[in-house]
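Q: with the input below, show me the fold.
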Amino acid sequence: MAGIGHIAVGLAAGRYQSPQKPLRAMVILAVAALLPDADVVAFALGIPYASPFGHRGTSHALLVAPLLAILPARLIDKTWRSYLLTTAVVASHGLLDALTDGGLGAALLWPFTAERFFFPWRPLPVSPIGARVLSARGLHVALTEILWFVPFVAYALWPRKRPR
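A: Here you go, the predicted structure:
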């Protein structure tokens with residue numbers, strides 16, 4: 001994915017978390033939704049893509065999501081509700097990547113297995129990595145994601161009712 005879908009999920013979750021003043025939660029959760037992709041540093045460190053610690057590896061595991069959610073959830077507030085919602089947002093990253101049509105899949109069940117998974121239905125095109133994201137293929141991926149995730153962005157940005 002190009003990241004648009006991940007950000008859209010975070011924005012919608014932020015609006016849900018704080019319906020009256022959502023901006024702070026929306027920004028924090030949009031960043032939290034992207035956290036698993038911090039594993040792209042593996043490329044610079046010479047860690048192979050197929051390694052459990054490579055791209056879409058350990059950081060995309062469902063059991064790692066609660067760990068990655070700790071700091072962002074505390075930045076929103078210190079409630080269990082924020083922590084659980086942030087965990088769901090981080091976990092959604094690997095699940096959405098498993099809906100893409102390329103790459104090696106996501107290591108959703110690490111540490112039990114290093115196997116990478118895709119869902120049987122894969123409607124999202126995989127995004128090119130690096131500068132290639134600015135290619136025609138990258139534009140195609142971005143436009144596809146925008147179409148799929150319009151409902152999330154619409155919910156997040158829909159005008160709020162003002163209290164009387």
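Q: how far off centre is the helix or strand of the chain with the lowest mean pLDDT?
A: Lowest by mean pLDDT, DSSP states H and E among the helices and strands of the chain is helix 41-44, with a mean of 92. Centre-to-centre, helix 41-44 and its host chain are 19 Å apart (Cα atoms, centre = their mean, to the nearest Å).
Q: swap in stretch 94-108?
A: On Cα atoms, centre = their mean, the centre of stretch 94-108 falls 11 Å from that of its chain.
Q: ok, stretch 46-62 next?
A: Once both centres are worked out by Cα atoms, centre = their mean, stretch 46-62 turns out to sit 15 Å from its chain's centre.
Q: end-to-end on it?
A: 25 Å (Cα to Cα, to the nearest Å).
Q: contact partners of that stretch?
A: Stretch 46-62 has contacts (Cβ atoms under 8 Å, 6 or more residues apart in numbering) with 35-40, 42-43, 64, 68, 91, 93-94, 97, 103-111, 114, 116, 129. Quick note: C-beta positions are derived from backbone N, CA and C, even for glycine.
Q: may I see the ChimeraX selection of the buried members of the residues you listed?
A: The following ChimeraX line selects those of the contacts of stretch 46-62 that are buried, judged by 16 or more other Cβ atoms under 10 Å:
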select :35,36,37,39,42,64,68,91,93,94,97,103,105,106,107,108,110,116
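Q: which stretches of the protein form strands?
A: Counting by DSSP state E, the chain has no strands at all.
Q: what's the longest helix in it?
A: Criterion DSSP state H: the longest helix present in the chain is helix 136-157.
Q: packing partners for that helix?
A: Applying 3 or more Cβ pairs under 8 Å, 6 or more residues apart in numbering; DSSP states H and E, we find helix 136-157 packed against helix 4-17.
Q: quick one: contacts of the helix it packs on?
A: By Cβ under 8 Å, 6+ apart, helix 4-17 touches 22-34, 37, 76, 81-82, 85-86, 88-89, 92-93, 96, 124, 142, 145-146, 148-149, 152-153, 155-157.
Q: buried subset of the residues you listed?
A: For these, a neighbour count by 16+ other Cβ under 10 Å gives the buried set as 22, 25-30, 32-34, 37, 76, 82, 85-86, 88-89, 92-93, 96, 124, 142, 145, 148-149, 152-153, 156.
Q: rewinding a little: state the mean pLDDT of the longest helix of the chain.
A: Averaging pLDDT along helix 136-157 yields 95.
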